[in-house]
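Trainee: Return a 3D structure for these sequence lines:
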Amino acid sequence: AMMITPAAAARLWTDRLSAMVWLSAIFGGISGVIGAYVSTLAPQMPTGPWMVIAVTALFIFSVVFAPERGATARLRHFFALRARTLEEHILKAFFHVGEQRGDRQSPVTLVQLGQARFFRGTTLPRGLRTLRRRGLVRFTDGGLQLTDSGRARAERIVRVHRLWEMYLSQYMDLPADHVHRDADQIEHVLTPELEAKLEALLDRPCVDPHGETIPYNSVAEGRP
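Mentor: Just a heads-up that it's a prediction; the model follows:
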């Protein structure tokens, strides 16, 4: 227990071997001190078992609270990703409504957004409130409208989706009707660096495998 558990606990806190060795030594030392101290409090309190209990408690604490690998951090990342995914799905729905009617600037309604993409329960109103707080959506008399920053983010998520579809089609030889689901999952985690590499690799394509236009920063370039 004293050989493996301190190292296992330290591994949850760092990726560096040197730091992990030092943390393992610290955790083992703390456990030894606690075990020795408890054994002095009363007779028939053996040191070894209390050392194991102490190091196990440190391991459990690490499992719960360690940054990045701890359960708390993983839950936080999970809920953050789920919230971002909902926001980006709503922004994509705005884009698709505007694309279908040839006007991306006019307000849209909740019904149109619901027709563009299925949203469960109250997720759509909740996501819209978040987007409004972040300055990506504004409520108008005619309905809901993207701000300039909202349009830019909507275009980016659609662009990344369609670029990934092109990559799967050209380099993985997948048929056009098999690429949408994979692109729908990967679009939320692709970084701007990977997006730039995809554009360069694919030679900045104009359309995706379905023949739909790939948007390129129309807000920044001053196009409608």
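
Trainee: from here on, contacts and neighbour counts on C-alpha atoms
Mentor: Will do.

Trainee: list the helices and strands the helix or strand containing Ala93 packs on?
Mentor: Following DSSP states H and E, the helix or strand that holds Ala93 is helix 71-101. Helices and strands touching helix 71-101, by 3 or more C-alpha pairs under 8 Å, 6 or more residues apart in numbering; DSSP states H and E, are helix 47-65, helix 110-116, helix 123-133, helix 148-171.

Trainee: Any idea which of those helices gets closest to Asp208?
Mentor: Minimum separation from Asp208 across those (C-alpha to C-alpha) falls at helix 148-171, 5.5 Å.

Trainee: Please work out which of the helices and strands packed on helix 71-101 is packed deepest.
Mentor: Greatest average neighbour count among the helices and strands packed on helix 71-101 goes to helix 148-171 (a mean of 21), per mean count of other C-alpha atoms under 10 Å.

Trainee: Hey, what's the angle from it to helix 71-101? Just curious.
Mentor: Here helix 148-171 points in a direction 90 degrees away from that of helix 71-101 (axes from the mean of the first three to the mean of the last three C-alpha atoms, to 10 degrees).

Trainee: What lies in contact with the following helix or strand past helix 148-171?
Mentor: Counting by DSSP H and E, the next helix or strand C-terminal to helix 148-171 is helix 180-186. With contacts defined as C-alpha atoms under 8 Å, 6 or more residues apart in numbering, helix 180-186 is touched by 161-162, 164-165.

Trainee: ok, so of the residues you listed, who is nearest Leu124?
Mentor: His161 (20.7 Å).

Trainee: so what's the residue nearest to Gly135 when sequence neighbours are not counted scoring on pLDDT?
Mentor: Sequence neighbours aside, Thr147 is the residue nearest to Gly135 in space, at 7.0 Å (criterion: C-alpha to C-alpha, 6 or more residues apart in numbering). With respect to pLDDT, Thr147 scores 93.

Trainee: sorry, back to before: in the helix holding Ala93, what's buried?
Mentor: Neighbour-count burial for helix 71-101, counted by 16 or more other C-alpha atoms under 10 Å, picks out 71, 74, 83-98.

Trainee: Work out which residue lies at the spatial centre of the protein.
Mentor: Central residue of the chain (C-alpha atoms, centre = their mean): Leu81, 3.5 Å from the mean position.

Trainee: Distance of that one relative to His188?
Mentor: Distance, Leu81 to His188, using C-alpha to C-alpha, to the nearest Å: 8 Å.

Trainee: for Met20, same thing?
Mentor: Met20 sits 32 Å away from His188, taking C-alpha to C-alpha as the criterion.
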